[in-house]
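Novice: structure of the sequence below:
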Amino acid sequence: MDWPLVIEFIRQRDPAFMSRVEGVPAAAVAALAAGRGVTLPASYVEFLRRMGSNSNGYAPFGPTQDHGLAAIAERLDDEDAAPSGRFFPVAIETDESLDPLYDYCLDLQRGDGDDAPLVMLEPGVDLEWQTPVEISETFGERITASVFNHFALRRLAGRDVVSVGGTLQAGEGRAALQRALVLLQRAGFAPVLSLSGRVACLQAGPLSVDARVNENYELLTLRLGGDDPRAVTTLAEQLLTDLPGARRPVGPRHLD
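Specialist: From the prediction side, this is the model:
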């Protein structure tokens, strides 16, 4: 994960933001990891170092999920609720009205040193009695997409959604993303954050596109935004015409 690129993206759109966040010392993160006998992905360690104490309203896992190091340490200290050594919590659900509760965790066994897949687990339930919920994202992909949404897409007046795939044909989502990238780059869009096989964040002047693949459903979702709603509608119509299988999703579009 390219943290300098992420920080520069934030600075360009909210110059004061980084001065209002508070990280935690690298030594504190290292001590917590050592106490659990694990090695944490570099992208997650850097996240904690930059904003592991106070993220100034930026909530990559949602408003009720506490990603602060203090909440993580408290969960790990609770022997009845802490996950096994393979899984390391990165966001703790605080809304106790939910049933069941789910924390977001890194699957360290499948990590590569820099990043690791995310799963959701019920705290306090033994792995013999639950299956980790796969969410088709790594930690780095979640940060990339949520930063783009928080600092760019959600602030735009006009928004729309186009989707492709969802037939559960293996590889369909990633293939659809590659086709969408070709079309968007021909139209003048360029990536503004690091690309992955499942996440692309692009801009062309005042227009923005957040493209994400959910491999659980082999579904590509393109969230479009811009200051001019008419320009956003025109972009959506172009994608619906030129991108094979593109459609408007049925039901709520989840623009936020």
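Novice: could you pull out the helices for the stretch 101-250 of the chain?
Specialist: Per DSSP state H, counting those that start in this stretch, the stretch 101-250 of the chain carries helices over the ranges 139-151, 172-186, 229-242.
Novice: packing partners for the last one?
Specialist: Same thing as helix 229-242. strand 158-165, helix 172-186, strand 207-214, strand 219-226 (3 or more C-beta pairs under 8 Å, 6 or more residues apart in numbering; DSSP states H and E). Using the backbone N, CA and C atoms, a C-beta is placed for each residue, glycine as well.
Novice: give me the contacts around stretch 56-67.
Specialist: Residues from elsewhere that reach stretch 56-67, judged by C-beta atoms under 8 Å, 6 or more residues apart in numbering: 17, 20-21, 51-52, 55, 90-95, 98, 103-104, 142-143, 146-147, 150.
Novice: in strands, which of these fall?
Specialist: 90-93, 103-104 (DSSP state E).
Novice: not counting its neighbours along the chain, what's nearest the residue nearest the centre of the chain?
Specialist: Central residue of the chain (C-alpha atoms, centre = their mean): residue 142, 1.6 Å from the mean position. Nearest non-adjacent residue to residue 142, counting by C-beta to C-beta, 6 or more residues apart in numbering: residue 60, 5.7 Å away.
Novice: follow-up on the earlier one: right, and the helices and strands packed on helix 229-242 - which one's nearest residue 197?
Specialist: Residue 197 lies closest to helix 172-186 among those, at 5.3 Å (C-beta to C-beta).
Novice: please identify the buried residues of that closest one?
Specialist: For helix 172-186, the neighbour count (16 or more other C-beta atoms under 10 Å) marks 172-177, 179-181, 184 as buried.
Novice: low pLDDT regions in the stretch 151-256 of the chain?
Specialist: For the stretch 151-256 of the chain, the stretches flagged by pLDDT under 70 are 251-256.
Novice: 90 - rerun?
Specialist: 167-168, 197, 249-256 (pLDDT under 90).
Novice: how far away from the center of its chain is stretch 117-127?
Specialist: 18 Å (C-alpha atoms, centre = their mean, to the nearest Å).
Novice: give me the distance between the two termini of it.
Specialist: End-to-end distance of stretch 117-127 (C-alpha to C-alpha, to the nearest Å): 17 Å.
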